[in-house]
Structure formats: C-alpha cells, structure tokens
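J.: Fold the stuff below for me.
(4 chains)
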Number of protein chains: 2
Amino acid sequence: MKHINIKDLALELNLSVSTVSKALNDSYEISEETKNRVLETAARLNYVPNPYASSLRGRKSKNIGVVIPEVADSFFSLAINGIESVAKTKGYHVLICLTHESFENERTILKEFQGGRVDGVLLSVSTETTQCDHINDLIANGLPLVFFDRACDEVETAKITTDDFESAYKATTHLIQQKADRIAFLSISKSLSISNKRLEGYLKALEDHDIKADQKYIIDCSNDAEQNYLLIKKLLQQKNKPNGIIASVEKLTTPIYTACKDLEMKVPEELKIVCFSNLEIATILNPSLTTITQPAFEMGKMAATLLFKALENRNFSLVKEDFMIQSALVVRDSSG
Amino acid sequence: MKHINIKDLALELNLSVSTVSKALNDSYEISEETKNRVLETAARLNYVPNPYASSLRGRKSKNIGVVIPEVADSFFSLAINGIESVAKTKGYHVLICLTHESFENERTILKEFQGGRVDGVLLSVSTETTQCDHINDLIANGLPLVFFDRACDEVETAKITTDDFESAYKATTHLIQQKADRIAFLSISKSLSISNKRLEGYLKALEDHDIKADQKYIIDCSNDAEQNYLLIKKLLQQKNKPNGIIASVEKLTTPIYTACKDLEMKVPEELKIVCFSNLEIATILNPSLTTITQPAFEMGKMAATLLFKALENRNFSLVKEDFMIQSALVVRDSSG
DNA sequence: ATGAAAGCGCTAACAG
DNA sequence: CTGTTAGCGCTTTCAT
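T.: The predicted structure is shown next:
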C-alpha cells in the first residue's frame, strides 16, 4: 500500500489540491457537497495527513514536549496521564523526554526542542539544575513553557506546584503531635526549589514547637538507592537516633522500610514515618504508610491546559500564571 | 531571539544554502575549512535544524511511537526507560501514546501514525484488542513495528515476549510445593495472548500435579480497581476458598492485599500469593511479595534495538524475529 | 569545492 | 465556490 497524499486525493477527485485541503479543513469556502465527496474519498483511500508538512507550512508540529526526570515514579506517571488527557482533546501528541536527573541531558533536550520539534514544553527540572539559561533560551525562542512540580523560581513563566512548605509543615507537626521529638528530614537536592521549601516547612514546624533543629537529622540523599539505604541505616543507628522521619521523595520509601526491617526497628512505636509519595501501594505496606500525596493527575492536567491556552492565543502571557495546589496529608499506621 | 534557519546561516557565511547543508551533514564534498566555519557559526548563532523539514524531504521524522496501555505501571515505565536508552543513542525521540486498554484508542493512534508522525512503532496491545487489522494496515503502509510483552500472534513481525507459560507454570508449581492445593488464577483478559499463556501454564501445572482445575478459581478481572477488589473478596469468602493465588498482572496486588487485610486472612499461612509484578516495593510489603519479575528494561531495549535495525536497513525483515526472554520467579515471604 | 534549483506535503494568499 | 501559485526549511541531484 503506497502512502497516499493530498495530491493523489486531488487527482482522484478531479479537484485542485487547494480545494481538497480546504475541504479537509472544513473551510467555509467549500460547498457541502464537495466536502462530503472529499471526506468520503479520503476515508476510502485511507488518507492520513502528514502533520509535519502542515507544521512546516507555519503551523504547529502538534507535539508537546514533556521533560521529566523519570517515568518510573508514580507522581510523574500520573502527571503524564493528566497531560495526555488534555493533549488528546487538542489533537496533540506527547513527546516524553527523560533527564534521569542530569542537567546535561536536560539542556540537550531543550536545545533540540528549539528546532521546532515541539510547539510547547512542560518541564519538571532535574535535581542537578541550578541555573536556568537553557530554559530562558527556549522561552526567548518563542516556545511556551510551563513548569509543574519542580520549577525554577528565576524563570518567569507559569508554574503548577503544590504547597510544599505547608505540607512539610503539616507533616512535621503531625509527627510532633504523635510525640516524636527527634525528627529526621531526608532531602534529595540542595538546589531544587521544592526540596528546599519542604525543608523550610520542616524547620519552621520544629521552631514553632520549640524543637531545636539538628544538622545530623538532615540528610542529603542521592540518586543511588543502595547509597541511600546505607545513609538511612547509619542515621537510624546513631546515638540519639530519630524517632520520626520525613522523606521528601517517594523513592526513599523502600530504603527506609528496608532499613527498619533490617535493624528491627518497630514502626510506628520506635520510628514514625511520613513520605511524600503518590504510591497507591502505601495502603498495603505494613504498617501502612502515612503520605503527603500530591494531586499528580490534576497538576499534569492544569499544566497542560495552561500550555494550550498559550498555544492557542499568542497574546496570553504565561508570566504570573502560578498555581499552587494543595497536597493531602493522608495519615495511616506508620505515624500512628 | 528570532529562530534561525539554514538560509540565515548561509547569508551570514556568504555561502549557498546547499553548501551549508552539506557542511552540516559532514559531506565529503565540502572542505574541512568550510565545514569548520559553518559549524562554528551555527553554534554561535544557536542554529538548531528543524527535524520536520528534513523529514519532509524524504528522510525520517526521528520519532518512534511507543503505544502502551498505561504508564503508571512499573513494567511499562521500566520498559520505556529501556526504549529511551537506545532511542537516545540513535538521536531519536520517543512519542508515548496511551491506549488506556481501549481498542478504539489503539486503532486511532496507529491510524494517525500512518501520516508520517513516526518512523516506527513499538506496541503492547490493549486488553480489548482481539483483531489486528489496524496493525497489519500500519505495517502494510511501510511502518516497521515491534511488539513487546503483549503481542498479537496473527501479526507477522518481531515480538519480544517473556516465557509466560513457563513462568506461570513455575509459579503454580511453587505454590503446590508449598502445600497449596486450591490455587486461584486472576486473569485480565480472555483475548490477550500473554494472559492466556499464563493461564495455560497454570492449568498445565495443576494437571501435572494431579490437581483438578476448577472454574470458580479462575477469575476475570477488569480495569476497575474497586470492582477487582470485590471480586477477590468474594473469591476469598466462598466455601472451599483458595489457599493459593496467582495474579497475572501487577495492578491486582493492592486489591489482593487489601482483601486479605480486611478479611483478616493470614498470608502465607492461609493464603499464599504470587504476582506477576515489577514493583520494586514488593520487598517491603508485609509479608514481602513473591513475584514473577519480567526483565522490563531489557525487553524495551531489545524491542527498540530491533526496530532500529529495521529502520537502518530496509532489507532487514522483522518477520520471524521473535525473542522470548526469561522472567524470574523471586520467592519471598508471601508464598513461604 | 561550491551553487542553483527542484521538490518533500501541505496551507494560504490571491485570482478567477 | 474553485484553482493557481508561492513557500515553510531542508536535502539532493545536477551543474559549474
């Protein structure tokens, strides 16, 4: 089966290419009858337009780029679902690019996007990203960009985030109310804005409850699971070991639970745990895990909706379009 | 910053467009000196080629399509990582399209791909897919396609699968050896080839151990978590309730554990569990979950590698390029 | 070693 | 209402 194009269609129909094009695009210039004929023949010959040819002609690629650190993470995979749900209604496709938490990768991807592969970008920055020239370049080049979850404060564009400060504050307060007084905080990045805000919320809660923050309870985790396991184990073995722990990111759940099991620490009696996590499976852990759950699907959806607003209306400015959505503290047995 | 194209570059360099193009593509016709000048200016002006313009000119879109039921699933997200790892080395991008287990969606996506949006396709079919004309159409249209995990037997093209029959057989045998004699099997689709092979492996293992299969132990699950929970609960409440259970798909883990908890069934004493699952978190469930783990990353990688072979060499035929990789039965406490 | 020109598939002025 | 034509950015003969 040869691939059929608009010229073939025109030939078959004894019409000009432009008439066919207009009919296909439901132009008011074309008679109903012709439209029907064209549509019918197109269907019969299995005509599928080449999106990139339209793209070239000044229109859109009809692709949006989604740049994230990782897919194997329930926050991001749910967010993708949200993004995809709106892209679909707009006839757009989603190009997913993974940075694997590498700044270099992130820069390369955004650079490449400037060639016109995508019409707009949804971005959640890598843990390594400390400066944002590559992002500003992209925007200067005319590509609308919306951050979701992990944003760069310095870049002036729309951001969909959650109340990281407040939710960490709430989680910490919750642990304090559960009688934890030596609470550890596991961070993933010193530069990431969300990580810092969570840390600040934690610190403020301690302060408000007259608990002195202690550096030894604040741990910088890495991207390496084994390494993190060792760090956490060490944390839980020291003198004055913590009796509460807050993990600022989902992937720390496994090392924490594993360490507790290996050290035979009783949860929640000896250690109360809260994780930032969207894992559905939190409910069936034993003890079930208290989580801060972000509205991942909703966030993806909102970010995409905003991006399409900008795409559809060049006058719509993304600057100052910041939305902060609430996360939920879901109390379960691990902090009980 | 205006977007710069090859014409701007040529103007700046006092060269013709074609010379610049050739220099950029490292043609033997161009002198080293000119190449260097061009490359340097391109870098300075931040020139990024438009992939779709090249695409139009008879080359490639440099996109591959990955069509899967769902991203929020550890098998698929790990497979995506594998796919992406090879796409990246080839300078390709990955367009991820979700069917959400709907045949209609799957058909629409594949149809759309025929317009040239992607150069090749990696597919894992939906649970609803019972006939494969849409896939054959795509292939007939000249797009190479490789199945991974969930394939259609009737379509003649490369398939990367796992030993579904054997692993279900192994899992069942394992449960029998653990003294389970009423073993339930949870299926997700009556049409899906992998689901059926798993079912057959289960049935064969029962037969080989002189256990009579019983329809009431074979459950067809749906796409709806709540529904599945109820089905499982009912299964576990009947007279002669099973003392072993095999779930053919990861997402059934939560409903199973939840049902056990709600019914206060002791695992593994009263019920031994095995799930087909790539959840990292299997280790920290309580009891830790015995799984059949598929080499998801590897499978994605192999599927992509095969696809690129076909893309790079039009003579390379994907027919008969079938690979079956072994899954691992990882015994943990839930079947202990 | 370099350049002119055609054309990939499509859309959009502009004419008729 | 329909057709002619130019051109989107790029590659690729075919000259020079």
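J.: So A:Thr161 sits against A:Gln326, correct?
T.: No: at 10.7 Å, A:Thr161 does not count as touching A:Gln326 under the criterion of Cβ atoms under 8 Å. Every residue, glycine included, has its C-beta placed from N, CA and C.
J.: Of all the residues in the stretch 151-300 of chain A, which one is nearest DNA strand D?
T.: Relative to DNA strand D, the nearest point of the stretch 151-300 of chain A is A:Thr157 (23.6 Å; Cβ to the nearest atom of the strand).
J.: What average pLDDT does the helix or strand hosting A:Leu236 get?
T.: Element membership for A:Leu236 (DSSP states H and E) is helix A:225-237. Helix A:225-237 shows a mean pLDDT of 95.
J.: and the helix or strand that it is followed by, what does it pack onto?
T.: Next helix or strand after helix A:225-237 toward the C-terminus (DSSP H and E): strand A:244-247. When contacts are defined as 3 or more Cβ pairs under 8 Å, 6 or more residues apart in numbering or on different chains; DSSP states H and E, strand A:244-247 sits against helix A:164-177, strand A:183-187, helix A:253-262, strand A:272-276.
J.: how about a cut-off of 6 Å?
T.: Applying 3 or more Cβ pairs under 6 Å, 6 or more residues apart in numbering or on different chains; DSSP states H and E, one finds that strand A:244-247 contacts strand A:183-187, strand A:272-276.
J.: Just name the most buried of the ones you listed.
T.: strand A:272-276 (a mean of 27; mean count of other Cβ atoms under 10 Å in any protein chain shown).
J.: Centre of the chain to that strand, how far?
T.: Put simply, strand A:272-276 sits 21 Å off its chain's centre (Cα atoms, centre = their mean, to the nearest Å).
J.: ends of stretch A:241-248, how far apart?
T.: Using Cα to Cα, to the nearest Å, the end-to-end distance of stretch A:241-248 comes out at 19 Å.
J.: Then stretch A:318-326?
T.: With Cα to Cα applied, stretch A:318-326 spans 21 Å between its terminal residues.
J.: And stretch A:322-329, by the same measure?
T.: 22 Å.
J.: ok so, going back, tell me which of A:Thr161 and A:Gln326 has more neighbours.
T.: Counting neighbours by other Cβ atoms under 10 Å in any protein chain shown for A:Thr161 and for A:Gln326 shows that A:Thr161 has the greater number, 22 against 12.
J.: Up against DNA strand D, what does chain A have?
T.: Residues of chain A found near DNA strand D (Cβ under 7 Å from any atom of the strand) are A:14-19, A:22, A:28-34, A:53, A:56-58, A:115.
J.: Show me which of these are buried.
T.: Buried subset of the residues of chain A next to DNA strand D (neighbour count, 16 or more other Cβ atoms under 10 Å in any protein chain shown): A:15, A:19, A:22, A:30, A:34, A:53, A:56, A:115.
J.: Which phi and psi values does A:Leu329 adopt?
T.: phi -90, psi 110 (degrees, to the nearest 10).
J.: And for it, nearest residue in space, chain neighbours not counted?
T.: A:Lys170 (5.1 Å; Cβ to Cβ, 6 or more residues apart in numbering or on different chains).
J.: Count the residues that sit near that neighbour.
T.: Neighbours of A:Lys170 (other Cβ under 10 Å): 19.
J.: same question, A:Val330
T.: 15.
J.: what kind of secondary structure is the residue nearest to it when sequence neighbours are not counted in?
T.: Sequence neighbours aside, A:Thr291 is the residue nearest to A:Val330 in space, at 5.1 Å (criterion: Cβ to Cβ, 6+ apart). Put simply, A:Thr291 is strand when judged by DSSP: H, G, I helix; E, B strand; the rest coil.
J.: A:Thr291: neighbour count?
T.: Neighbours of A:Thr291 (other Cβ under 10 Å): 28.
J.: so where is chain A shaky, pLDDT-wise?
T.: In the predicted model, chain A carries pLDDT under 70 at residues A:1-2, A:59.
J.: among the helices and strands packed on strand A:244-247, which is nearest chain B?
T.: When those are compared by Cβ to the nearest Cβ, strand A:272-276 sits nearest chain B, at 11.4 Å.
J.: which residues does the residue of chain A found nearest chain B contact?
T.: The minimum distance from chain A to chain B, using Cβ to the nearest Cβ, falls at A:Asn286 (2.9 Å). By Cβ atoms under 6 Å, 6 or more residues apart in numbering or on different chains, the residues touching A:Asn286 are B:Asn286.
J.: Please report phi then psi for it.
T.: The phi/psi pair for A:Asn286 (degrees, to the nearest 10) is phi -130, psi 110.
J.: Now the stretch 101-250 of chain A against DNA strand D: closest residue?
T.: Nearest to DNA strand D, among the residues of the stretch 101-250 of chain A, is A:Gly115, at 6.6 Å (Cβ to the nearest atom of the strand).
J.: Would you mind measuring from that residue to A:Ser55?
T.: Applying Cβ to Cβ, to the nearest Å, the value for A:Gly115 to A:Ser55 is 11 Å.
J.: same thing with A:Ala310?
T.: In terms of Cβ to Cβ, A:Ala310 sits 18 Å off from A:Ser55.
J.: can you check A:Thr89 too?
T.: For A:Thr89 relative to A:Ser55 (Cβ to Cβ), the value is 20 Å.
J.: Those two - which one has more neighbours?
T.: Remark: of A:Thr89 and A:Ser55, A:Ser55 carries more neighbours, 23 against 11, as counted by other Cβ under 10 Å.
J.: how close does the more buried one get to B:Ile6?
T.: 16 Å.
J.: Near the closest residue in space to A:Asp164 that isn't next to it in sequence, how many other residues are there?
T.: Here the nearest residue to A:Asp164 in space, its sequence neighbours aside, is A:Lys197; by Cβ to Cβ, 6+ apart that works out to 3.9 Å. Each residue near A:Lys197 was counted by other Cβ under 10 Å, and the total is 21.
J.: what about the helix or strand that A:Glu106 is a member of, distance to the chain center?
T.: If you go by DSSP H and E, A:Glu106 is part of helix A:103-113. Centroid displacement of helix A:103-113 relative to its chain, using Cα atoms, centre = their mean, is 17 Å.
J.: For that helix, report the contacting residues that lie outside it.
T.: A:65, A:67, A:97, A:99, A:126, A:128-129, A:134, A:138.
J.: Show only the entries of those found in helices.
T.: Taking DSSP state H, the ones among the contacts of helix A:103-113 that sit in helices are A:134, A:138.
J.: Enumerate the positions of stretch A:142-155 that are buried.
T.: So stretch A:142-155, judged by 16+ other Cβ under 10 Å, has buried residues A:143-152, A:155.
J.: hmm, I was thinking of stretch A:127-147
T.: Per 16+ other Cβ under 10 Å, stretch A:127-147 contains these buried residues: A:127-129, A:132, A:134-139, A:141, A:143-147.
J.: and that stretch, how far apart are its ends?
T.: Start-to-end, stretch A:127-147 (Cα to Cα) is 14 Å.
J.: for it, the distance to its chain's centre please.
T.: Worked out by Cα atoms, centre = their mean, stretch A:127-147 lies 15 Å from the chain centre.
J.: now the strands for chain A?
T.: A:63-68, A:93-98, A:120-123, A:145-148, A:159-162, A:183-187, A:218-220, A:244-247, A:272-276, A:290-293, A:322-325, A:328-330 (DSSP state E).
J.: A:Ile245: what's its closest spatial neighbour, skipping adjacent residues?
T.: In space, A:Ile245 is closest to A:Ala184, 4.7 Å off (Cβ to Cβ, 6+ apart).
J.: Touching, that neighbour and A:Ala247? I think so.
T.: No: counting by Cβ atoms under 6 Å, A:Ala247 is not a contact partner of A:Ala184; they are 9.0 Å apart.
J.: quick one on the thing from earlier: which neighbouring residues are in contact with the residue nearest to A:Val330, exactly?
T.: By Cβ under 6 Å, 6+ apart, the contact set of A:Thr291 is A:275, A:277, A:282, A:330.
J.: Quick check: closest non-adjacent residue to the third one.
T.: Closest residue to A:Ala282 in three dimensions, ignoring its sequence neighbours and counting by Cβ to Cβ, 6+ apart: A:Leu289, at 4.1 Å.
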